[in-house]
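Trainee: how would this look folded up:
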Amino acid sequence: MASLEEIKGIINSIIYYNNFNGYTIADLNSGGELITIIGFFPELQEGEEVSLTGKWVTHREYGLQFKVETFNVSIPSSIEAIEKYLSSGLIKGIGPVIAKRMVSHFGKDTLDIIQFHPSRLTEIVGIGEKTAKKILESYEEQQGLREVMLFLQNYGVTPKHAVKLYKRYQDKTIAIIKENPYKMAEDIVGIGFKKADQIAMSMGIEYNSQYRISAGVKYALYQIHTEGHTFCPEEELIKNAAELMGLDYDQVAGVLMDIVVKGHLKLEIIDGERVYYSIPFFRAEEEVALRIVSLVLTEIDNKIIDLDKRIMEVERRNKILLANSQRKAIEESMNNGLLVITGGPGTGKTTIINSILDILEENNEEVLLAAPTGRAAKRMEEATGREAKTIHRLLEYGFSREGEEQSFQKNQDSPLKADVIIIDEVSMVDILLMNHLLKAIAPGARLILVGDVDQLPSVGPGNVLKDIIESGIVKVVYLKEIFRQAQESMIVLNAHKINKGELPQLNMKNKDFFFDRAQSNEEILKIIIDLCTSRLPKYKSFNPLGDIQVLTPMKKGIVGVKQLNKSLQEILNPPDKYKLEKQMGEGVFRQGDKVMQIKNNYNIKWLIKETGEKGEGVFNGDFGIIQTIDVEEDRVVVLFDDEKLVEYDFNQLDEIELAYAITVHKSQGSEFPVVIMPISWGPPMLLTRNLLYTAVTRAKSLVVLVGMERYLANMVKNDYINKRYTGLRQRIRSKIEFLGEN
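Mentor: Got it, this is the predicted structure:
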């Protein structure tokens, strides 16, 4: 292994800089010799003096380079270096002309003047008091970020994470980390307990200190939350935390009560067992339970007279005949403060919602419609002909006028102006989002929750829809009848068969549900590629990008998301000298790629080119196509399904992923003309009946399963439900009992 060397010099030019992770290629002037350096840095500037340690490597195309392991940036000392540094544009308020004037006036003292005597900057023509203040703030921010990066590089923290830490803690970053290095694991995604623990150990924190154990327990509980649980049983929490920290069970158990006493965790007894909550999830469950009971006990003031007559008018006007279960759902929606309507595909949920809307609007009641994702909201809007929003948009999530952090502007102090609120795809709603929704419902308003309780639960913690139903307190209408028009679809019939534990009927002539047999994962991959690129486009002119969606249970392996995306990208959007690319880790974004937004961004701007309409907001689950990649401006432009053009800076690219294939979990709330799904071996706890059911119900026109029938049979038989630790069901019951006694 080559030993590390040290070199010094002045940055001559920046060849490449990655805003996302700080990766840099630059030319260094070291004693008159130009050396190419590569490594991870804060944003270096021409003229800066640096001291670097690293090793020499040979690139097959670019030759000898110096790969930097650690670095130190010195303040430019010569007049030429200072002017070059200030001319770079790094310091806001200073351009080449002002830089020249400053150096001519202050000489080698220029940087000291900026830092220690900024009022003197007004001596320069073109700099007023406001500009002088801006220059000082920008200079201090750059110096602060550098200091943080230099401090953290000694502990193996990447520049990307150092930037996130600095943005979070600003000039207090180093002080906060020195005081409590474990706070990094709590606040910054990507810095886990082990990295924070490594830093803490190097700072002298004892291996078995209460401080360390407290941090380890909180992190172990956080990991439990990422699996969908709102609490963790005592024995499991202690075991997990002890394993994480390399301690004995008793060492952790001895500190647990102290953590509770200090208010960092909440101890509860659920079904006779001691369990622990993080405070936000405890409060969310408590508040959701209380507000649900309050809705259940709401007396309906504006009852509709002659409801039977109104329902018959809806049937006549829309030329439909409602089933008894549909009629019951409509009646209950008019007579209850909270109603749940649940059923599978083809059971008439849309007809019920439209009928409810007709009656309520005739009664002059204000109704709001929403769903958890952008695609689900769009489907709801298309089905009803009325505006539907994401729940986040409905609750006006964003920056308040006073604060810097984003929050829900609609809440108990500023509730939604509506008589009735209807939420679709409720199985996707987690406990935290449900809490925010219920807070924003005004006293006297009614709530109708619509969803399929047999689908996969929310990605976030909680099992809200199931818990509400199983509480036995809320009025629930179950839809089980499949209507005649839906009976023609094998997708609908097979979805219900799967849900009942019966094998689906396969490959019926002129139908919409097929199984393509394969004997290995390699063969499955080959068939999926052939289906996407040739067979299905020829079969019914299905567009490989717009109509066909590959869903898979797994992230890894030959038929996992990563490999499927790589293989499909190579075939559907191969490299071309006319297509620009952007490398991202081991993968690449390319012009023409199909991508999906994977987090809600309420502030990113969009433009509809045809109409000139502008707005803000792109949401988790939105699909689009990369239009252009500008490597000079560090931006990517994506055209989304609804014709919205959105520009992403390179440092925002963690918000999108390739979407030729996605996991079944990420497909929730979406609908696609064609769904293709690999069927092969996988962990039994993953290959479950409700996962298969969820995947099948995402298809509108065609389902093609590819793989081995024995694994399909195993999935249908496997009714394993990964039990989630939640206490909402019990809390609703206890609240109704308490309020009933009072």
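Trainee: Residue 429 and residue 101: what is the separation?
Mentor: 59 Å (CB to CB, to the nearest Å). Where you see a C-beta, it was placed from the backbone N, CA and C, and this is true even at glycine.
Trainee: Would you mind telling me which of those two has the busier surroundings?
Mentor: residue 429 (24 against 16; other CB atoms under 10 Å).
Trainee: which residues touch that one?
Mentor: 372, 391, 423, 437, 458, 464, 465 (CB atoms under 8 Å, 6 or more residues apart in numbering).
Trainee: give me that answer again for 6 Å
Mentor: With contact set as CB atoms under 6 Å, 6 or more residues apart in numbering, residue 429 has these partners: 372, 458, 464.
Trainee: can you check residue 431 too?
Mentor: Residue 431 sits next to 230, 284, 461, 462, 464 when contact means CB under 6 Å, 6+ apart.
Trainee: before we move on, back to that, take the contacts of residue 429 and keep only those in strands.
Mentor: Judged by DSSP state E, strands contain none of the contacts of residue 429.
Trainee: Now list the buried members of the residues you listed.
Mentor: The neighbour count (16 or more other CB atoms under 10 Å) marks 372, 458, 464 as buried among those.
Trainee: Scan the protein for its longest helix.
Mentor: The residue-count maximum for a helix in the chain (DSSP state H) belongs to helix 129-153.
Trainee: how about that helix: buried residues?
Mentor: 131-132, 134-136, 138-139, 142-150, 152-153.
Trainee: what residues does it touch?
Mentor: 42, 70, 73, 91-93, 114, 118, 121-122, 159, 162, 166, 171, 173-174.
Trainee: Of the contacts of residue 429, just say which sits nearest to residue 290.
Mentor: residue 464 (14.5 Å; CB to CB).
Trainee: What is the burial count for the nearest residue to residue 437 once chain neighbours are set aside?
Mentor: Residue nearest to residue 437 in three dimensions, not counting chain neighbours: residue 391, with 5.9 Å by CB to CB, 6 or more residues apart in numbering. When counting by other CB under 10 Å, one arrives at 26 neighbours for residue 391.
Trainee: how about residue 391, what does it touch?
Mentor: 370, 372, 437.
Trainee: Give me the pLDDT for the second one.
Mentor: For residue 372, the pLDDT comes out at 89.
Trainee: for the closest residue in space to it that isn't next to it in sequence, what are its contacts?
Mentor: If the residues on either side of it in the chain are set aside, residue 372 comes closest to residue 428, at 4.2 Å by CB to CB, 6+ apart. Counting by CB under 6 Å, 6+ apart, residue 428 touches 372, 458, 668, 669.
Trainee: Name the helix or strand of the protein that has the lowest mean pLDDT.
Mentor: helix 484-487 (a mean of 66; mean pLDDT, DSSP states H and E).
Trainee: Roughly how far does the residue nearest to residue 219 when sequence neighbours are not counted sit from residue 185?
Mentor: Take residue 219 and drop its neighbours on the chain: the residue closest to it by CB to CB, 6+ apart is residue 193, 4.1 Å away. Per CB to CB, residue 193 is found 5 Å from residue 185.
Trainee: Next, show the common contact partners of those two.
Mentor: By CB under 6 Å, 6+ apart, the residues touching both residue 193 and residue 185 are residue 219.
Trainee: quick one: the helices in the stretch 351-500 of the chain?
Mentor: Along the stretch 351-500 of the chain, the stretches classed as helices by DSSP state H, counting those that start in this stretch are 374-384, 391-394, 431-439, 464-470, 484-487, 490-499.
Trainee: Can I get the ones you listed in JSON lines including distance to residue 616?
Mentor: Compiled in JSON lines, the helices of the stretch 351-500 of the chain are given as follows (distance: least, CB to CB, whole Å):
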{"stretch": "helix 374-384", "distance to residue 616": "13"}
{"stretch": "helix 391-394", "distance to residue 616": "10"}
{"stretch": "helix 431-439", "distance to residue 616": "20"}
{"stretch": "helix 464-470", "distance to residue 616": "28"}
{"stretch": "helix 484-487", "distance to residue 616": "38"}
{"stretch": "helix 490-499", "distance to residue 616": "36"}
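Trainee: now for the ones you listed, which one comes closest to residue 607?
Mentor: Of the helices of the stretch 351-500 of the chain, nearest to residue 607 by CB to CB is helix 374-384, at 16.9 Å.
Trainee: send the alpha carbons of that closest one over as CSV?
Mentor: Output of helix 374-384 as CSV, limited to C-alpha atoms (Å, rounded to 0.1, in the frame of the first residue of the first chain):
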residue,chain,number,x,y,z
GLY,A,374,-49.9,13.4,-6.3
ARG,A,375,-50.8,10.5,-8.6
ALA,A,376,-53.6,9.4,-6.2
ALA,A,377,-54.9,13.0,-6.0
LYS,A,378,-54.9,13.2,-9.8
ARG,A,379,-56.8,9.9,-10.2
MET,A,380,-59.4,11.2,-7.7
GLU,A,381,-59.7,14.5,-9.6
GLU,A,382,-60.2,12.6,-12.9
ALA,A,383,-62.8,10.2,-11.4
THR,A,384,-64.8,13.0,-9.7
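Trainee: if we look at that helix, which residues are touching it?
Mentor: With contact meaning CB under 6 Å, 6+ apart, helix 374-384 is reached by 350, 354, 369, 371, 388-390, 424-425, 619, 621-622, 669-671.
Trainee: that older thread, the residue nearest to residue 437 and residue 701, how far apart?
Mentor: 28 Å.
Trainee: Now residue 479. Nearest residue, chain neighbours left out?
Mentor: Residue 479's closest residue in space is residue 343 (CB to CB, 6+ apart), at 2.8 Å.
Trainee: Check whether the one you found really touches residue 477, as I assumed.
Mentor: No. Between residue 343 and residue 477 there is no contact under CB atoms under 6 Å: 8.3 Å.
Trainee: Measure how buried the residue nearest to residue 219 is and give me the count.
Mentor: 23.
Trainee: pLDDT below threshold where in the stretch 551-700 of the chain?
Mentor: Along the stretch 551-700 of the chain, segments meeting pLDDT under 70 span 632-633.
Trainee: hmm, 80 instead?
Mentor: Applying pLDDT under 80 to the stretch 551-700 of the chain flags the ranges 584-586, 600-603, 615-617, 619-620, 631-634, 641-642, 651, 669.
Trainee: And the stretch 201-350 of the chain, by the same measure?
Mentor: 202-203, 301-303.
Trainee: can you do 90?
Mentor: For the stretch 201-350 of the chain, the stretches flagged by pLDDT under 90 are 201-212, 215, 226-227, 298-306, 320, 346.
Trainee: Which parts of it are helices?
Mentor: According to DSSP H, counting those that start in this stretch, the stretch 201-350 of the chain carries its helices in the segments 210-226, 234-245, 249-261, 279-296, 307-318, 324-335, 349-362.
Trainee: returning to that earlier point: of all the contacts of residue 431, which comes closest to residue 298?
Mentor: The closest of those to residue 298 turns out to be residue 464 (CB to CB; 19.2 Å).
Trainee: who touches that closest one in this structure?
Mentor: Applying CB under 6 Å, 6+ apart, the residues contacting residue 464 are 429, 431, 434.
Trainee: Same check on residue 626?
Mentor: Contacts of residue 626 (CB under 6 Å, 6+ apart): 591, 593, 638.
Trainee: Roughly how far does it sit from residue 730?
Mentor: In this view, residue 626 and residue 730 are 48 Å apart by CB to CB.
Trainee: what about the residue most central in space within the chain, distance to residue 200?
Mentor: Nearest to the geometric centre of the chain sits residue 599, at 3.4 Å (CA atoms, centre = their mean). Computed with CB to CB, the distance linking residue 599 and residue 200 is 30 Å.
Trainee: Residue 507 too?
Mentor: 59 Å.
Trainee: out of these two, which sits in the busier spot?
Mentor: When neighbours are counted by other CB under 10 Å, residue 200 comes out ahead of the other of residue 507 and residue 200, with 24 against 11.
Trainee: The more buried one is in what secondary structure piece?
Mentor: Residue 200 belongs to helix 193-202 when elements are defined using DSSP states H and E.
Trainee: Quick check: buried residues in that helix?
Mentor: 193, 195, 196, 197, 199, 200.
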